[in-house]
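J.: Provided below for reference: sequence and predicted model.
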Amino acid sequence: MPVSPADLVLAVDVGTTATKVTAFAVDGTPVAAAEHGYPLHAPQPGHAEQDPEEILGAAVTALADVVAQVGAVRVAGLAFSAAMHTLMALDGEGRPLTALTSWADTRAEPQADRLRADPSGLALHRRTGTPVHSMSPLPRLLWFAEHEPGLCARASRWCGIKEYLLLRLCGAWVMDHSIASAAGLMNLEALDWDQEALQLATIEPTQLPALVPTTHVETLTAAAARDLGLPAGTPVVVGGGDGPLANLGVGAVRPGMAACSLGTSGALRVVVDRPAVDPQGRVFCYALAPGLWVVGGAINNGGIVMRWALESLAPDLGPGAEEDLLALAAQVPPGSSGLLMVPSLLSERAPRWTSLARGSYVGLTREHRREHMVRAAIEGVALQLALVLESMRATGLEVREVRATGGVMRSELWQQLLADAFDMPIDLPQGQQGSGYGAAILGMAALGLIDTIADAATPPVVRSVPPAPDAAAVYAALRPIFSGLDDALAPTFAALRRADLSARAVVRPGT
């Protein structure tokens, strides 16, 4: 296919802590990039909020930076990737009435627990593909209805961050099927808003954006184009959620090939050609592109567990001493001499999707030292992902290959642990552009730079890490024990939650 002067797609990857814009050539080469960050606020326990105007400003600044680097004439269009499960309310003029609440916001745990306990909760999961969990916008809408009825009465619209950016940049009120399928509000089979879910959330379809495919194209307004240094009417491909797009970006779209992303949090996903929902509600199903869906599970606790271990178990190593911390863990044999850690420091998602989970060490003896505790913490993350893999296989999904990306996967110890816990080779693709490049591929297909997404360049594998048989056998023996800790400790965690709530309710003299 001949390449025109407009041969670059600008991928706008709107993450939880930063927006990164990368200009990709048709062959997958990143030509230029810019990144601008923003804070995640916690005004009270359980709340995780952001200023949507700060995110809009970061996106505009990063886009303008990249346009200045490559020249407007080379830009064929923009394409978006965004963090899933965000939610905010708008007034009739499209102005924010609330902060942007993120997937990390846990205020709706009681609403999610109530839904999960009812038989309708599992039915809802099966229809929408979204686990009933506080990360999802649906329970958060219930929270707003119960705690902020006055605000809900003033809210004309509800959306996530990508929809707000598209409204401001394109004047378009649309939501792609990928983001919508992660909201707990869209019926997978009908690709339309689920009426029962909307009734639960006490909102009307008119308050939500129009649903469109991830390859849907809008155009920049004259004002937005001027701010970015681009011509008015520049095409904008709406794109999708960052998780599904990461599979596309690393080339994990063939049957049996999974993508594992492991940064602060983690996820394991495989692409299928029709919606597939686990009858037991252990995995999610989100849209990727017309005729393609992503099934898998996400965990809250990935690299954040290593950061906690550094700060809490080895502060003497100093900030940023992750390599020294991993060297400590490497001194201990697989299995940490019988010590297990449930690494649920930030509660947990897959495969149980429970708000009760807390972190815990089990099997601690006098012989254990901090190096054992550090290794057990890292092993706990790998074992949690192995339970996600086990749940995916239990639904009938075949997983023969895994492509892994993410910040912690630069470590050889993490690479080997994951290969051993999965008992299968871990392939490491070139670059770390998963979701951003996935958005660019959608953009290339939608704008005619490639015929289909199957024609996109696939990042080559630069290293394959095979499992060590002896270590894999250790983790295979530990996995059912580790899995059983959820049920064994659930009553204790429930009692701790009740005690904590009781303690908060006590008013002490002089306070």
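T.: Done, it's in. All values derive from a computational prediction rather than experimental measurement.
J.: Scan the chain for its longest helix.
T.: Criterion DSSP state H: the longest helix present in the chain is helix 469-505.
J.: roughly how far out does that one sit from the chain middle?
T.: Taking C-alpha atoms, centre = their mean, to the nearest Å, one finds helix 469-505 lying 23 Å from the centre of the chain it belongs to.
J.: helices and strands around it, which ones?
T.: strand 340-342, strand 360-362, helix 370-394, helix 412-422 (3 or more C-beta pairs under 8 Å, 6 or more residues apart in numbering; DSSP states H and E). Backbone N, C-alpha and C define where each C-beta goes, glycine included.
J.: So which of these is the most surrounded?
T.: strand 340-342 (a mean of 24; mean count of other C-beta atoms under 10 Å).
J.: Give me the nearest residue to C159, chain neighbours excluded.
T.: Once flanking residues are discounted, C159 sits nearest to P209: 5.8 Å by C-beta to C-beta, 6 or more residues apart in numbering.
J.: quick one: that neighbour and L288, what's the gap?
T.: Going from P209 to L288 by C-beta to C-beta, to the nearest Å gives 19 Å.
J.: now do R349
T.: The spacing between R349 and L288, counted by C-beta to C-beta, is 19 Å.
J.: which SS state does Q199 fall under?
T.: Here Q199 is recorded as helix under DSSP: H, G, I helix; E, B strand; the rest coil.
J.: now it: how far from L185?
T.: 11 Å.
J.: More neighbours: which of those two?
T.: Legend: neighbour count by other C-beta atoms under 10 Å for Q199 and L185, higher for L185 (26 against 10).
J.: distance of the more buried one from L211?
T.: For L185, the distance to L211 equals 10 Å [C-beta to C-beta].
J.: where do the contact lists of those two overlap?
T.: W193 (C-beta atoms under 8 Å, 6 or more residues apart in numbering).
J.: For the helices and strands packed on helix 469-505, give me TSV that also has mean pLDDT and distance to A190.
T.: Output for these, formatted as TSV (pLDDT from 0 to 100; distance: least, C-beta to C-beta, whole Å):
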stretch	mean pLDDT	distance to A190
strand 340-342	98	39
strand 360-362	98	42
helix 370-394	96	25
helix 412-422	97	35
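J.: quick one: which of these is nearest S81?
T.: Closest to S81 of the helices and strands packed on helix 469-505, according to C-beta to C-beta: helix 370-394, at 21.8 Å.
J.: That closest one vs helix 412-422, what angle?
T.: Relative orientation of helix 370-394 versus helix 412-422 (axes from the mean of the first three to the mean of the last three C-alpha atoms, to 10 degrees): 40 degrees.
J.: what packs against helix 370-394?
T.: When contacts are defined as 3+ C-beta pairs under 8 Å, 6+ apart, helix 370-394 packs onto strand 257-262, strand 266-272, strand 292-299, helix 303-313, helix 322-330, strand 340-342, helix 412-422, helix 469-505.
J.: Next, the angle strand 266-272 makes with it.
T.: Using the same axes, to 10 degrees: helix 370-394 against strand 266-272 is 20 degrees.
J.: just how off-centre is helix 370-394 within its chain?
T.: With C-alpha atoms, centre = their mean as the basis, helix 370-394 stands 18 Å off its chain's centre.
J.: do stretch 463-480 as well
T.: Offset of stretch 463-480 from its chain centre (C-alpha atoms, centre = their mean): 26 Å.
J.: Out of the helices and strands packed on helix 370-394, the one nearest T395 is which?
T.: Among the helices and strands packed on helix 370-394, strand 292-299 comes nearest to T395, with 7.4 Å by C-beta to C-beta.
J.: Just the mean pLDDT for the closest one, thanks.
T.: In this model, strand 292-299 has a mean pLDDT of 95.
J.: Tell me what angle that strand forms with helix 303-313.
T.: If you take the same axes, to 10 degrees, strand 292-299 sits at 10 degrees to helix 303-313.
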